[in-house]
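Peer 1: Predicted model and sequence below, questions to follow.
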Amino acid sequence: MAKHGKKYLAAAAKVNPDTFYAPAEALKLVKETAFTKFDATIEVHLNTTLDSRQADQQLRDVVVLPHGLGKTVRVLVFAAGEPATAARNAGADAVADDDETMAKIQGGWLDFDVAIATPDMMGKVGRLGRVLGPRGLMPNPKAGTVVSADDLPRAIKEAKAGRVEFRLDKTGNIHVQIGKASFDEQQLAENFATLMDAIVKSRPTGAKGNFLKHITLAASMGPGIKVDSNAAQSTKATE
């Protein structure tokens, strides 16, 4: 069993491990238990009843959080010709439109947080799967990161504004960031409510009953705070 330091233990002492907190109370606690010297990331961990092996129980989508994630998002766009110019004009931090940049990425250059591609570039991008895939950077239509040339400006803007992807992992869990400890409670509450609304609306056809079993909030390196699942799925989560 891992040993925890004094700061973690002091933070954990503020949380009752047997209590399922209302969203507003949980978000207040998660700020209070963020003890790192850096601005801790606030994460939501959801345990579901879904089986990722079943085609009708897949869950994957994107949502734009109203207050973003509190960090600068670096966007790389795979595009060529006029779309590449449009991507640069729309604020892309880097554009991969030549073999040299492709080779650079193949060699391990990954100084970006989101990768977006036009459909015509996916043949070349597919060859980078071994590099991009494990890091969650592979463009995908379901994640809204494979878009037409006309949609590039919107996709880039949304990525920089705080668009996050949520997806079911192999163990039936979902892990999503919703902001920083420096956010005020209202900002975190609105981001959390927006995320939960999107997840509920993305309910797979094969889901039975309430497919969200457990919801936990935590700051970077901080203790987990259990959230009342029913209250979290209510549209009044921000109140």
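Peer 2: Alright, I've got the coordinates. Numbering: from 1, shown residues only.
Peer 1: domain ranges for the chain?
Peer 2: 6-69+163-232, 75-161 (automatic domain parsing).
Peer 1: With mean neighbour count added, can I get those domains in JSON lines?
Peer 2: Bear in mind the C-beta positions are built from the backbone N, C-alpha and C, glycine included. Listed next are the domains of the chain as JSON lines, based on neighbours: other Cβ atoms under 10 Å:
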{"stretch": "domain 6-69+163-232", "mean neighbour count": "18"}
{"stretch": "domain 75-161", "mean neighbour count": "17"}
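Peer 1: In CSV, list those along with mean pLDDT.
Peer 2: Listed next are the domains of the chain as CSV, based on pLDDT from 0 to 100:
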stretch, mean pLDDT
domain 6-69+163-232, 93
domain 75-161, 93
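Peer 1: just the helices in the chain please.
Peer 2: In the chain, the segments counted as helices under DSSP state H are 6-12, 23-32, 82-89, 99-106, 122-125, 129-132, 152-161, 185-201, 229-232.
Peer 1: which one of these lies closest to residue 61?
Peer 2: The closest of the helices of the chain to residue 61 is helix 185-201. By Cβ to Cβ, the value is 6.3 Å.
Peer 1: How about residues contacting the closest one?
Peer 2: 23-24, 27-28, 30-31, 42, 44, 46, 59, 61, 63-67, 162, 164, 166, 174, 176, 178-179, 183, 212, 217, 232-233, 235, 237-238 (Cβ atoms under 8 Å, 6 or more residues apart in numbering).
Peer 1: returning to what we had before: of the helices of the chain, give the one that comes closest to residue 52.
Peer 2: Using Cβ to Cβ, the helices of the chain put helix 185-201 closest to residue 52, at 15.0 Å.
Peer 1: Would you mind listing the residues in contact with the spatially closest residue to residue 77 that is not a sequence neighbour?
Peer 2: Closest residue to residue 77 apart from its sequence neighbours, by Cβ to Cβ, 6 or more residues apart in numbering: residue 87 at 4.0 Å. By Cβ under 8 Å, 6+ apart, the contact set of residue 87 is 77, 79, 95, 116, 152, 156.
Peer 1: Make CSV out of those residues and add distance to residue 208.
Peer 2: As requested, the contacts of residue 87 are arranged in CSV below (distance: Cβ to Cβ, whole Å):
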residue, distance to residue 208
77, 40
79, 42
95, 45
116, 35
152, 39
156, 38
